[in-house]
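Engineer: Could you work out the structure for the sequence below:
(one chain, ligands or ions: 1)
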Amino acid sequence: MKYCAFTNSRHGFRGISIVTTPETAADSMRILDEAVVSTRNESILPYKIVDIPGKGKGVIATRHISQYEELMLDYATFAVDISFASRVPARTGYQLLHLAAMQLADPASVLELGQSNSFAADVLENVLRTNAFNTMIGEVPHMALYPEVSRINHACKPNAYTRFIPRSLEVSVAAVRDIQPGEEITISYITIGQETVQRKRALEVWGFECKCSLCSSSQNEIAASDARRRQIETLRGQVVEAFQDGKPFQALRLSRQVLNLLPSEELFPLYSEQYENMARAYWFLRDREKTMKYAKMSLEVLVEQGYIERVTPEHLEAMWRNFAEGR
Ligand SMILES: C[S@@+](CC[C@H](N)C(=O)[O-])C[C@H]1O[C@@H](n2cnc3c(N)ncnc32)[C@H](O)[C@@H]1O
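Structural biologist: Numbers count the residues shown, from 1 in each chain. The predicted model follows:
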């Protein structure tokens with residue numbers, strides 16, 4: 001398999017270099033050939049990058065940020081085909097990675113990102129292992145670096161979340177809840193809502209011991225949070241079983257219990273799922289009015305969270321289809 005370093009200086013804030021196959025490059029004209037140029041006024045950004053004790057650099061809010069407000073927009077500057085490392089001899093691989101970085105107008109925007117991986121033999125391998133997010137370019141999995149998002153530390157009860165747009169290798173960060181000036185902005189690097197043991201296991205690939213506020217709280221608080229998370233997971237599973245057993249009233253009751261527990265763990269991304277479950281239950285009970293009410297509530301959460309622009313008849317029809325087909 002042949003890999004090359006392709007660069008487009010007119011992509012996002014800093015241009016982009018992609019180490020990939022010529023086939024993937026040919027399928028990625030939008031990213032590699034078109035100008036996706038964004039400018040911004042740095043002086044009005046609602047955050048700044050600072051040193052955070054015990055975590056290297058991090059991002060803090062410089063003003064109040066409202067729930068679901070978009071607080072950061074970033075573009076991938078560097079991307080590498082995931083199969084590259086296993087298919088190319090190490091030395092050739094490192095050379096190509098460095099060539100790709102040097103083709104950028106500002107190689108330091110990549111080379112100076114955080115490095116905390118103890119197994120990496122090269123600076124760019126370290127940067128990738130410490131900071132990259134998985135993303136698809138066309139149909140092919142790649143690792144991608146978003147220099148500013150890369151400065152956001154992980155928290156197990158994060159106050160922000162990422163929304164990726166693979167088509168343009170763009171990512172935006174929005175607030176899970178209101179964020180106060182001076183508060184550190186955090187995202188979750190792993191699936192949200194897991195208990196301590198599962199989180200530790202999932203974070204092993206990142207190679208750091210989590211020092212977020214939840215993991216640094218007292219044993220009692222950690223145990224209480226774990227118990228609530230366990231209960232939420234159990235109830236979510238029971239909702240699915242209730243539908244499988246044809247028990248919509250039970251599903252309704254369980255979904256309400258999940259909804260009551262979500263705020264204590266700040267698991268706002270799960271609201272939409274539970275409102276959809278309630279719509280599904282009322283659909284089985286042939287209550288058209290309530291089906292519509294909860295279907296709309298489910299979709300309105302997605303609008304607020306910035307995943308869709310508005311609730312359309314097509315969204316609702318897709319939901320009815322899913323209910324009818326048991327999906
Ligand atoms: C994507 S980078 C985040 C920005 C990084 N702190 C920097 O200085 O550029 C990920 C690295 O930050 C550190 N980090 C992130 N979240 C952390 C946390 N909750 N506790 C301790 N270290 C953390 C770890 O070294 C991790 O490998």
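Engineer: CA only for contacts and neighbour counts going forward, please
Structural biologist: Noted.
Engineer: What is the least confident helix or strand in this protein?
Structural biologist: strand 36-37 (a mean of 70; mean pLDDT, DSSP states H and E).
Engineer: Give the residue farthest from the middle of the chain.
Structural biologist: Most distant from the centre of the chain: Arg286, at 36.2 Å, with distances by C-alpha atoms, centre = their mean.
Engineer: and that one, that's in a strand?
Structural biologist: No. When classified by DSSP: H, G, I helix; E, B strand; the rest coil, Arg286 is found to be coil rather than part of a strand.
Engineer: Ramachandran coordinates for it?
Structural biologist: With angles defined as degrees, to the nearest 10, Arg286 sits at phi 60, psi 30.
Engineer: that older thread, heading C-terminal from the least confident helix or strand of the chain, find the next helix or strand.
Structural biologist: strand 47-52 (DSSP states H and E).
Engineer: Buried ones in the helix or strand just after that following strand, by neighbour count?
Structural biologist: As assigned by DSSP H and E, the chain's next helix or strand after strand 47-52 is strand 56-61. Buried residues in strand 56-61, defined by neighbour count with 16 or more other C-alpha atoms under 10 Å: Lys57, Gly58, Val59, Ile60, Ala61.
Engineer: Secondary structure element for the spatially most central residue of the chain, which one?
Structural biologist: Central residue of the chain (C-alpha atoms, centre = their mean): Thr162, 4.0 Å from the mean position. For Thr162, the host element (DSSP H and E) is strand 160-165.
Engineer: Can you pull the residues of the protein lying near the ligand?
Structural biologist: Those residues of the chain that sit near the ligand, judged by C-alpha under 6 Å from any ligand atom, are 55-58, 113-114, 116, 130-131, 150-155, 206, 208-212.
Engineer: Which PyMOL command selects the buried ones in these?
Structural biologist: Selecting only the buried entries of the residues of the chain next to the ligand in PyMOL, with 16+ other C-alpha under 10 Å as the criterion:
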select buried, resi 55+57+58+113+114+116+130+131+150+151+152+153+154+155+206+210+211+212
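Engineer: Which of the residues of the chain next to the ligand fall in strands?
Structural biologist: Counting by DSSP state E, those place Gly56, Lys57, Gly58, Asn153, His154 in strands.
Engineer: Turn those residues into TSV, columns for pLDDT and distance to Ala35.
Structural biologist: Formatted as TSV, those follow (pLDDT from 0 to 100; distance: C-alpha to C-alpha, whole Å):
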residue	pLDDT	distance to Ala35
Gly56	94	34
Lys57	96	31
Gly58	98	30
Asn153	98	30
His154	97	32
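Engineer: burial count for Ser298?
Structural biologist: Neighbour count of Ser298, defined by other C-alpha atoms under 10 Å: 22.
Engineer: Confirm it sits in a helix?
Structural biologist: Yes. Per three-state DSSP, Ser298 lies within a helix segment.
Engineer: Return the residues in contact with it.
Structural biologist: The contact partners of Ser298, taken as C-alpha atoms under 8 Å, 6 or more residues apart in numbering, are Tyr271, Ser272, Glu273, Gln274, Tyr275, Glu276.
Engineer: and the helix or strand containing the last one, what other elements does it pack with?
Structural biologist: Think Glu276. Applying DSSP H and E as the criterion places Glu276 in helix 271-284. Judged by 3 or more C-alpha pairs under 8 Å, 6 or more residues apart in numbering; DSSP states H and E, the packing partners of helix 271-284 are helix 248-261, helix 288-304.
Engineer: Ser213 and Pro158 touch, don't they?
Structural biologist: No. Checked against C-alpha atoms under 8 Å, the pair Ser213 and Pro158 is beyond contact range at 9.4 Å.
Engineer: Those two: which is more packed in?
Structural biologist: Pro158 (24 against 12).
Engineer: Neighbouring strands - and their directions - for the strand holding Thr162?
Structural biologist: Strand 160-165 has its sheet partners listed here by DSSP bridges as strand 170-175 (antiparallel).
Engineer: List the contacts of the strand it pairs with.
Structural biologist: For strand 170-175, the external contacting residues (C-alpha under 8 Å, 6+ apart) are 65-76, 146, 149, 159-165, 305.
Engineer: ok, 7 Å please
Structural biologist: Outside strand 170-175, the residues that touch it by C-alpha atoms under 7 Å, 6 or more residues apart in numbering are 66-76, 159-165.
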